[in-house]
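Visitor: take this sequence and fold it.
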Amino acid sequence: MPAKGYKLSEDAKRRISAALTGRPGHPQSEETRQKISLARKGRQWSDETRLRYSKTARDGRRKGANHPGWKGGRKRHLAGYIQIWVPGHPRANSRGYVLEHLVVWEQYTGKPIPKGYSIHHLNGSRDDNRFENLAMMRAGEHIHQGIIYRRRILELEKQVRELQQLKLAI
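Guide: Next up is the predicted model:
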């Protein structure tokens with residue numbers, strides 16, 4: 001049946017119920033689709049429904065803090081970075097989210113990040129966005145630093161394992 005707010009004649013209701021023989025997930029025949037189309041012709045929204053939908057579109061009640069799923073404009077990216085909602089930011093994605101470490105860097109320095117540069121997390125933790133933990137580097141340097149840090153981490157992990165084995169032997 002139609003959504004709340006539509007006014008249909010009894011004849012239209014009868015034609016719709018006769019046409020709705022397909023189940024969800026199952027395609028309907030062309031004949032059935034034509035019957036449904038004919039049954040829905042001429043329907044109009046009530047004044048109450050029209051007002052409700054136009055008001056929602058106008059004030060954006062379901063966006064940002066007004067959305068029921070709002071979590072403060074902060075979320076975790078799949079790669080482990082933190083994203084914050086800053087619509088209108090030059091680096092914002094289509095939904096208005098920007099990587100938090102970029103915004104933190106720009107706020108502290110007062111300048112945008114130049115093209116060809118990236119922000120590196122010194123301790124390797126992608127969700128630690130303190131300014132002290134961030135460094136701006138050229139893109140090539142950033143990749144090289146990652147390799148150096150990974151090697152150093154592997155060395156330190158090896159030393160930890162050796163120390164644990166010594167401790168167990170004592």
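Visitor: pLDDT at Gln165, what is it?
Guide: Note on Gln165: pLDDT of 90.
Visitor: let me redo that: Arg126
Guide: Arg126 is given a pLDDT of 90.
Visitor: spatially, what comes nearest to it if we skip its sequence neighbours?
Guide: Using C-beta to C-beta, 6 or more residues apart in numbering and skipping the chain neighbours, the partner closest in space to Arg126 is Gly80 (4.0 Å). Bear in mind the C-beta positions are built from the backbone N, C-alpha and C, glycine included.
Visitor: and that neighbour, that's in a helix?
Guide: No - using DSSP: H, G, I helix; E, B strand; the rest coil, the assignment for Gly80 is coil, not a helix.
Visitor: so how far is Lys158 from it?
Guide: From Gly80 across to Lys158, the span is 24 Å (C-beta to C-beta, to the nearest Å).
Visitor: now swap in Pro114 and tell me
Guide: 38 Å.
Visitor: swap in His121?
Guide: For His121, the distance to Lys158 (C-beta to C-beta) stands at 23 Å.
Visitor: same thing with Ala92?
Guide: Computed as C-beta to C-beta, the Ala92 to Lys158 distance reads 42 Å.
Visitor: longest helix of the protein, counting residues only.
Guide: helix 139-169 (DSSP state H).
Visitor: which strands or helices does it pack on?
Guide: strand 117-121 (3 or more C-beta pairs under 8 Å, 6 or more residues apart in numbering; DSSP states H and E).
Visitor: which positions in the strand it packs on come out as buried?
Guide: Neighbour counts using 16 or more other C-beta atoms under 10 Å place Ser118, Ile119, His120, His121 of strand 117-121 among the buried residues.
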